[in-house]
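A.B. asks: Model the structure of this input:
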Amino acid sequence: MHPFLEKVKRDSDSFFVHHTKIEEQLPMHSHNKHQMSYVEGGVAFLNTRNKSYFFPARHFIWIPAGREHNVISRTSVKFVRNIFFPKWVIPKDHKLQERGGIFPVTDLLMEMIYYTEKWRGDVTKKDKTQLEFLLALKNIVLDAAENPLPIVLPTTENETLRPILKYIHQHIDQPLYLDKIAEEFGQSSRTLSRLFQGNMETSFLQYVKLSRTIKSMEMLLQTDLSITEIAYSCGYNSLSAFSYAFQQIVHRSPKEFRKQTELKNKTS
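C.D. replies: Sure thing, here's the model as predicted:
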């Protein structure tokens with residue numbers, strides 16, 4: 001077992017605080033605590049066995065205890081802040097006991113995360129002041145969990161689909177049609193459509209739409225390209241089509257998403 005995971009697991013009743021400038025490069029793993037992670041700078045993904053969660057600036061990831069996962073960043077990050085919650089602090093009937101996701105970081109939650117930046121390792125019931133603070137932070141997390149970011153990209157171990165998914169991501173700036181891709185990989189359109197529904201519980205069209213949206217979110221955060229340039233780089237043939245699709249999934253326009261993120265980063 002990785003030494004870091006041994007430290008996290010050694011006391012199942014304690015909180016565990018871990019802030020680092022270097023990401024823990026871990027394979028798929030699980031532990032006996034809930035994990036909240038916040039990444040400063042960069043773009044990262046939370047991967048589980050069957051889903052990939054994109055999380056942008058000013059959002060945190062929540063990973064339920066026992067859930068196999070790993071976190072991969074697409075770009076270099078400034079800091080990774082992790083707080084591990086013992087199972088007993090989350091109400092037994094709360095959705096965070098079983099459900100992971102990406103959630104917004106409010107100004108208050110941001111300040112509370114930063115307040116813990118000098119803490120290291122276990123926080124137990126003997127550490128009364130720190131424990132009370134983390135229990136208060138937990139309540140803020142429970143409130144934030146009411147507004148998840150609706151960006152979840154299904155993944156699969158299916159050997160037929162994996163190269164097709166890779167092809168989609170490599171050609172995201174081009175027109176992507178079910179019949180053309182089916183022909184490219186020696187499948188019928190009907191068979192490929194069934195493969196998506198049966199293995200990923202989504203349609204080919206919805207997968208492409210989500211992939212384009214996630215790529216555009218990365219570019220809005222990581223580049224200075226205009227929104228029109230990003231639209232074409234993500235395979236849309238007009239700004240209006242891109243804006244409509246983005247708004248449907250993110251519930252904000254591309255301009256609002258970029259502006260809100262920039263303003264929040266300046267105040268962080």
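A.B. asks: going forward, measure contacts between C-alpha atoms and count neighbours the same way
C.D. replies: Fine.
A.B. asks: what pLDDT does Lys264 get?
C.D. replies: pLDDT recorded at Lys264 is 49.
A.B. asks: go on, Asn47?
C.D. replies: On pLDDT, Asn47 comes in at 85.
A.B. asks: cool, and Met200?
C.D. replies: Looking at Met200, its pLDDT reads 88.
A.B. asks: Would you check that my belief about it contacting Pro154 is correct?
C.D. replies: Yes: using CA atoms under 8 Å, Met200 is in contact with Pro154, at 5.8 Å.
A.B. asks: shared neighbours, those two?
C.D. replies: The contact sets of Met200 and Pro154 overlap at Asn50 (CA atoms under 8 Å, 6 or more residues apart in numbering).
A.B. asks: which SS class is Tyr187?
C.D. replies: Actually, residue 187 is Gln rather than Tyr. Secondary structure, DSSP: H, G, I helix; E, B strand; the rest coil: Gln187 is coil.
A.B. asks: Show me the strands in the stretch 101-250 of the chain, by range?
C.D. replies: Secondary structure of the stretch 101-250 of the chain (DSSP state E, counting those that start in this stretch): strands at 101-104, 121-123, 152-154.
A.B. asks: Neighbouring strands - and their directions - for the first one?
C.D. replies: Which is strand 101-104. If you go by DSSP bridges, strand 101-104 pairs up with strand 59-63 (antiparallel).
A.B. asks: Could you do the last one as well?
C.D. replies: Strand partners for strand 152-154, identified by DSSP bridges, are recorded as strand 51-55 (antiparallel).
A.B. asks: what's in contact with the strand it pairs with?
C.D. replies: Defining contact as CA under 8 Å, 6+ apart, one finds that strand 51-55 is touched by 43-47, 61, 101-102, 151-156, 214.
A.B. asks: how about it: buried residues?
C.D. replies: Going by neighbour count (16 or more other CA atoms under 10 Å), the buried part of strand 51-55 is 51-55.
A.B. asks: Let me know the closest of those residues to Lys21.
C.D. replies: Phe55 (18.2 Å; CA to CA).
A.B. asks: how about low-confidence regions in this structure?
C.D. replies: Low-confidence segments of the chain (pLDDT under 70): 1, 22-25, 42-43, 74-77, 260-268.
A.B. asks: how is it carved up into domains?
C.D. replies: Per automatic domain parsing, the domain ranges recorded for the chain read 3-144, 155-267.
A.B. asks: Distance from the longest one to the middle of the chain?
C.D. replies: Computed by CA atoms, centre = their mean, to the nearest Å, the separation of domain 3-144 from the middle of its chain amounts to 12 Å.
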